[in-house]
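# how would this look folded up:
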Amino acid sequence: MATGEPKAKKIKLEEKEKEKELSQNALFGMGNPLLDICAVVDKDFLDKYGLKPNDQILAEDKHKEMFEEMVKKFKVEYHAGGATQNSVKVAQWMIQKPHKVATFFGCIGKDRFGEILKEKAEESYVDAHYYEQSEEPTGTCAACITGDNRSLVANLAAANCYKKDKHLDLEENWKLVEKAKVYYIAGFFLTVSLESILKVAKHASENNKIFSLNLSAPFICQAFKESLMKVMPYVDVLFSNETEAATFAREQGFETKDIEEIAKKAQNLPKVNKKRQRIVVFTQGKEGTVMTKGDKVETFPVIETDQSEIVDTNGAGDAFVGGFLSELVQDKSLEQCIRAGHYAANVIIRHAGCTFPEKPDFH
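Below you'll find the model as predicted:
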């Protein structure tokens with residue numbers, strides 16, 4: 001009867017240890033807070049708005065009616081989204097306690113959708129500090145799902161209005177940045193506030209803390225190449241999926257399509273803080289995850305999942321990063337970070353949107 005007790009005590013002790021080690025606001029994220037509008041759509045709908053089945057784009061004028069048509073025509077679900085916000089939310093979920101290990105900055109509107117985002121952040125115990133303005137409504141992202149694919153169309157709206165001088169520079173906000181030891185920003189934010197990213201990246205570099213960035217989408221590697229490469233020298237951990245990595249390699253003139261070669265070349269790009277060698281992590285969907293480690297490149301198999309159990313692959317990449325960061329902020333080994341990333345992604349794909357059960361079961 002008593003066999004379970006020592007184990008239960010051990011878990012309790014482990015939790016207490018973790019709470020001692022982890023301080024609030026140790027993980028900092030900044031990005032585009034969006035309300036995801038998710039629906040399973042058909043090919044005609046994708047064709048009508050010129051969407052590829054698996055892509056991420058920014059909304060243009062021709063997509064304006066699309067959001068309304070989605071709501072009218074299909075069964076939609078609303079989820080708090082935005083790549084960086086998803087990742088820090090997953091990291092906080094993996095950590096559980098203490099609450100508010102993860103901090104998030106971004107811009108929203110003073111409206112119903114903004115209120116929903118605030119509620120959702122609170123429910124997930126993320127310490128969200130939004131810059132709220134009334135010029136633009138809260139941003140939305142249409143996630144058009146067909147089978148295993150998802151086409152994302154982001155209407156940034158308020159998210160595009162983040163201002164360094166109006167929010168990041170404020171003393172009480174900058175104090176939260178200084179409290180962190182790991183930083184994460186999705187490449188999507190390069191379209192919004194390069195100066196905010198650089199201020200955070202330089203702080204991390206000067207204080208030998210870990211700054212991580214995601215390539216996020218092919219268009220970031222192309223249209224925002226110049227901004228991306230201004231930030232790259234400060235990047236300690238670079239995340240990307242296989243499609244973005246291929247685009248990045250092409251844009252950088254790497255002259256190789258081999259994913260491991262691309263990882264090595266990305267690792268060797270110029271770097272300001274020489275105390276840390278850059279770590280490059282490329283996910284490849286159900287194929288193994290590629291990571292540079294020292295002078296080697298290793299591939300880690302993902303958790304096998306029965307096709308019938310996959311509900312929605314939207315958010316898998318964000319969840320992987322969240323899992324990875326949850327261990328990185330606790331100074332765990334890189335192998336452990338990858339395992340946690342794979343675990344989190346595996347949970348997320350079994351749920352609609354970037355949602356998850358109450359507690360993780362990761363050991």
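# Show me where the stretch 1-150 of the chain has its helices.
Here the stretch 1-150 of the chain has its helices, by DSSP state H, counting those that start in this stretch, at 4-21, 43-48, 64-73, 83-95, 112-123.
# Doesn't residue 177 lie inside a helix?
Yes - the assignment for residue 177 by DSSP: H, G, I helix; E, B strand; the rest coil puts it in a helix.
# in the chain, which segments are predicted with low confidence?
For the chain, the stretches flagged by pLDDT under 70 are 1-20, 353-354.
# out of the helices of the stretch 1-150 of the chain, deepest packed?
By mean neighbour count, with neighbours taken as mean count of other C-beta atoms under 10 Å, helix 83-95 ranks first of these at a mean of 29. From N, CA and C alone the C-beta is placed, and that goes for glycine too.
# Let me know which of the helices of the stretch 1-150 of the chain is the nearest to residue 180.
The minimum distance between residue 180 and those falls on helix 83-95, with 10.8 Å, by C-beta to C-beta.
# Who are the packing partners of that closest one?
Applying 3 or more C-beta pairs under 8 Å, 6 or more residues apart in numbering; DSSP states H and E, we find helix 83-95 packed against strand 27-30, strand 102-109, strand 182-186, helix 316-328, helix 334-348.
# Could you identify which of the ones you listed is most buried?
Among the helices and strands packed on helix 83-95, the stretch with the highest mean neighbour count (mean count of other C-beta under 10 Å) is strand 27-30, at a mean of 30.
# can you give me the helices in the stretch 151-300 of the chain?
171-179, 194-206, 218-223, 225-231, 242-251, 259-267.
# The ones you listed: which one's closest to residue 62?
With C-beta to C-beta as the measure, helix 218-223 is the member of the helices of the stretch 151-300 of the chain nearest residue 62 (16.2 Å).
# Using PDB, write out the CA atom coordinates for the closest one.
Extracted in PDB, the C-alpha atoms of helix 218-223 (Å, rounded to 0.1, in the frame of the first residue of the first chain):
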ATOM      1  CA  PRO A 218       9.800  31.900 -45.900                       C
ATOM      2  CA  PHE A 219       8.700  35.500 -46.500                       C
ATOM      3  CA  ILE A 220      10.700  36.600 -43.400                       C
ATOM      4  CA  CYS A 221      13.900  35.100 -44.900                       C
ATOM      5  CA  GLN A 222      13.200  36.900 -48.200                       C
ATOM      6  CA  ALA A 223      11.400  40.200 -47.800                       C
END
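# Report the buried residues of it.
For helix 218-223, the neighbour count (16 or more other C-beta atoms under 10 Å) marks 218, 219, 220, 221 as buried.
# where's the nearest residue to residue 338 once chain neighbours are set aside relative to residue 83, distance?
Using C-beta to C-beta, 6 or more residues apart in numbering and skipping the chain neighbours, the partner closest in space to residue 338 is residue 300 (4.9 Å). Distance, residue 300 to residue 83, using C-beta to C-beta, to the nearest Å: 22 Å.
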